[in-house]
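Q: Fold the following.
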Amino acid sequence: MLTLTIDEIQKNLTSYLHQVAAGESIIIIESCKPIAQIKPVSPTSPQLRPYGLCAGEFIVPDDFDTPLPEDILNSFEGK
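A: Residues are numbered from 1 along each chain as shown. Reported below is the predicted structural model:
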């Protein structure tokens, strides 16, 4: 883990970012106190959710797609 001052990182930011991309973490200090940490982003690959993940856990009622009663629709519209 590298420890750098703000001035040091500003002088060669690109080089330090390449080191971060390679797996290195950097602590930035100001007046001998750490103020920030730059670390590599964990690789994330989008995983597709399996089909039928919750099969059998709930039942969709037959009237699922019927229109809502007028009084409920009015309350959504602030009437």
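Q: Look at L4 and tell me its secondary structure.
A: strand (DSSP: H, G, I helix; E, B strand; the rest coil).
Q: where's it relative to T14, distance?
A: As for L4, its distance to T14 is 14 Å (criterion: C-beta to C-beta, to the nearest Å). Using the backbone N, CA and C atoms, a C-beta is placed for each residue, glycine as well.
Q: Those two: which has the busier surroundings?
A: Comparing L4 with T14 by other C-beta atoms under 10 Å, the one with more neighbours is L4, at 16 against 6.
Q: ok, the more buried one - contacts?
A: 16, 26-29 (C-beta atoms under 8 Å, 6 or more residues apart in numbering).
Q: possible to save those as TSV with secondary structure and neighbour count?
A: Compiled in TSV, the contacts of L4 are given as follows (DSSP: H, G, I helix; E, B strand; the rest coil; neighbours: other C-beta atoms under 10 Å):
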residue	secondary structure	neighbour count
Y16	helix	19
I26	strand	18
I27	strand	14
I28	strand	17
I29	strand	15
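Q: Looking at those residues, which is nearest C54?
A: Set against C54, the nearest of the contacts of L4 by C-beta to C-beta is I26 (43.1 Å).
Q: Is the closest one in contact with L13, as I believe?
A: No - using C-beta atoms under 8 Å, I26 is not in contact with L13, being 10.5 Å away.
Q: What are the phi and psi values at V60?
A: phi -80, psi 120 (degrees, to the nearest 10).
Q: L53 versus that one, what's the distance?
A: V60 is 15 Å from L53, by C-beta to C-beta.
Q: cool, and N12?
A: Taking C-beta to C-beta, one finds N12 at 48 Å from L53.
Q: So between the two, which is more surrounded?
A: N12 (12 against 7).
Q: A helix includes E8, no?
A: Yes - membership of E8 in a helix is supported by three-state DSSP.
Q: And S45, how close does it get to G52?
A: 22 Å.
Q: more crowded one of those two?
A: G52 (7 against 4).
Q: Read off the pLDDT value for the more buried one.
A: On pLDDT, G52 comes in at 86.
Q: Give me the distance between it and V41.
A: From G52 to V41 the distance is 32 Å (C-beta to C-beta).
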